[in-house]
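K.L.:
The following comprises the amino acid sequence and a computationally predicted model.
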Amino acid sequence: MTGIFAILTLLHTVRLFRTRTWFCIPFIVGGIFETIGYGARAASNSNRESLPLYIMQALLILLAPILFAASVYMILGRLIRATGAESYAIIRATRITKIFVGGDILCFLVQAMGAGMLSGADSKKGKDRGQNVILGGLILQIIIFLLFLLVAIIFHKRLRNRPTGKTLDASITWERMLSQLYIVSVLITIRNLFRVIEYAAGEDGYLLQNEWPIYVFDALLMATVLAVCNFWYVGTMRPREDDIDLSSA
C-alpha cells in the first residue's frame, strides 16, 4: 500500500501544480500521511518493539482521511460559486468551508489527542481512555460529514430542478463532479464507521487483532478516494465568465 499511496500522492501533486488548485493541498498532505503511515506499519512488522514506528503508523493512518474530507468540503463551496447557484445552498457558500473545515480541525485535534493518549498509555485504563477519545472524534466526524452530505444533496436537487445559466457551460461538469463527491463521501463514511466499530470493540476485538480489515476497510477505501479525486480538480473547470476564481484557496 505504501507504493500505491506514494504514486497517487505524486499524481495529485502534478495535478495541483498544473491547475494551481491550491486548496487541494490537504489531499497531498493526507497522501503523504498515508504513505509514511503504511511505510511505518510495514517496517513495524519486523520491529514490533519500536514505539516510534507504532506511534507514526497509528497517528498518520488515523488522521489522513480528515485531510481528504477538508478538500471535499472546499470543493463543494467552489462548485456552488462556479455554477452561480449560491442561493440554492442552505448554507452560504463562503461559510461552507469555514463551518465544515472548522469541524474537521476539531475532529483532527480530538483524534490526535486520543492517539497520543493511546500510544503513551501503560495501563489498560489509559488505553481505554485513549480509545474512547478517538471514538468520540470519529463519531463527531461522521455527524459532520452527514450534515455536509445533506447540504450537497439539497443544493444538487435545487440546481437540477432550476438550472442556472452557468450550468449550460459544457466545461463545468457539475453533475459528474457531484456524483463523484457522493462516492468519495460514502467511502470516507464507511471507513469512519469501520474505525468506530474497531475502537468500540476494544483492544482485544477482532478488528484490532487482525491485519486484513484495516487494509480492506481503510487503506483500499482511502486509496480509491485519492484515485477518484484525481479526476475532478475544480481548477479544470473553465467557465466563460472571468469573475470566478476557481483556483483560489
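P.N.:
Received the coordinates, thanks. Numbers count the residues shown, from 1 in each chain.

K.L.:
Please count neighbours and contacts with C-alpha atoms only from this point.
P.N.:
OK.

K.L.:
Tell me the secondary structure of the closest residue to residue 198 other than its chain neighbours, please.
P.N.:
Using CA to CA, 6 or more residues apart in numbering and skipping the chain neighbours, the partner closest in space to residue 198 is residue 207 (5.4 Å). Three-state assignment for residue 207 (DSSP: H, G, I helix; E, B strand; the rest coil): helix.

K.L.:
Counting neighbours, what do you get for residue 207?
P.N.:
Residues within reach of residue 207, counting by other CA atoms under 10 Å, total 18.

K.L.:
how close does it sit to residue 216?
P.N.:
For residue 207, the distance to residue 216 (CA to CA, to the nearest Å) stands at 11 Å.

K.L.:
and what of residue 229?
P.N.:
For residue 229 relative to residue 216 (CA to CA), the value is 19 Å.

K.L.:
ok, the two, which is more surrounded?
P.N.:
Taking other CA under 10 Å, residue 229 and residue 216 do not tie; residue 229 has more neighbours (21 against 12).

K.L.:
Let me see the confidence value for that one.
P.N.:
Residue 229 is assigned a predicted lDDT (pLDDT) of 86.

K.L.:
list the contacts for it?
P.N.:
Residues near residue 229 by CA atoms under 8 Å, 6 or more residues apart in numbering: 180, 184.

K.L.:
If we use 10 Å, what do you get?
P.N.:
Contacts for residue 229 were tallied using CA atoms under 10 Å, 6 or more residues apart in numbering; they are 8, 12, 24, 27, 68, 71, 72, 177, 180, 181, 184.

K.L.:
Can you report how many residues neighbour the second one?
P.N.:
By that I understand residue 12. Neighbour number of residue 12 under other CA under 10 Å is 23.

K.L.:
How about the fourth one?
P.N.:
Residues lying near residue 27 (other CA under 10 Å) number 28.

K.L.:
Next: the first one.
P.N.:
Taking other CA under 10 Å as the criterion, the count of residues near residue 8 is 23.

K.L.:
check which helix or strand covers it.
P.N.:
Under the criterion of DSSP states H and E, residue 8 resides in helix 2-19.

K.L.:
Name the next helix or strand downstream of that helix, please.
P.N.:
Downstream of helix 2-19 (by DSSP H and E), the next one is helix 25-44.

K.L.:
Just want the angle from the helix or strand following that following helix to helix 25-44.
P.N.:
As assigned by DSSP H and E, the chain's next helix or strand after helix 25-44 is helix 51-82. Relative orientation of helix 51-82 and helix 25-44, computed by axes from the mean of the first three to the mean of the last three CA atoms, to 10 degrees: 160 degrees.

K.L.:
Which strands and helices lie in contact with helix 51-82?
P.N.:
Contacts defined by 3 or more CA pairs under 10 Å, 6 or more residues apart in numbering; DSSP states H and E place helix 51-82 against helix 25-44, helix 93-120, helix 124-161, helix 174-201, helix 220-229.

K.L.:
Deepest-packed of those helices, please.
P.N.:
Ranked by mean neighbour count under mean count of other CA atoms under 10 Å, the helices and strands packed on helix 51-82 are led by helix 25-44, which reaches a mean of 22.

K.L.:
tell me the angle of that one relative to helix 2-19?
P.N.:
Interaxial angle, helix 25-44 versus helix 2-19 (the same axes, to 10 degrees): 160 degrees.

K.L.:
Now do helix 25-44 and helix 220-229, the angle between them.
P.N.:
Relative orientation of helix 25-44 versus helix 220-229 (the same axes, to 10 degrees): 150 degrees.

K.L.:
Alpha carbons of helix 25-44, as PDB, please.
P.N.:
Output of helix 25-44 as PDB, limited to C-alpha atoms (Å, rounded to 0.1, in the frame of the first residue of the first chain):
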ATOM      1  CA  ILE A  25      -3.200  20.800  -0.800                       C
ATOM      2  CA  PRO A  26      -4.800  18.700   2.100                       C
ATOM      3  CA  PHE A  27      -5.100  15.900  -0.400                       C
ATOM      4  CA  ILE A  28      -1.300  16.000  -0.800                       C
ATOM      5  CA  VAL A  29      -0.700  16.200   2.900                       C
ATOM      6  CA  GLY A  30      -3.200  13.300   3.500                       C
ATOM      7  CA  GLY A  31      -1.500  11.200   0.900                       C
ATOM      8  CA  ILE A  32       1.900  11.800   2.500                       C
ATOM      9  CA  PHE A  33       0.400  10.800   5.800                       C
ATOM     10  CA  GLU A  34      -0.900   7.500   4.300                       C
ATOM     11  CA  THR A  35       2.400   6.800   2.600                       C
ATOM     12  CA  ILE A  36       4.500   7.300   5.700                       C
ATOM     13  CA  GLY A  37       1.900   5.600   7.900                       C
ATOM     14  CA  TYR A  38       1.800   2.400   5.900                       C
ATOM     15  CA  GLY A  39       5.500   2.500   5.400                       C
ATOM     16  CA  ALA A  40       5.900   2.600   9.200                       C
ATOM     17  CA  ARG A  41       3.300  -0.200   9.500                       C
ATOM     18  CA  ALA A  42       5.300  -2.400   7.100                       C
ATOM     19  CA  ALA A  43       8.600  -1.600   9.000                       C
ATOM     20  CA  SER A  44       7.000  -2.400  12.400                       C
END
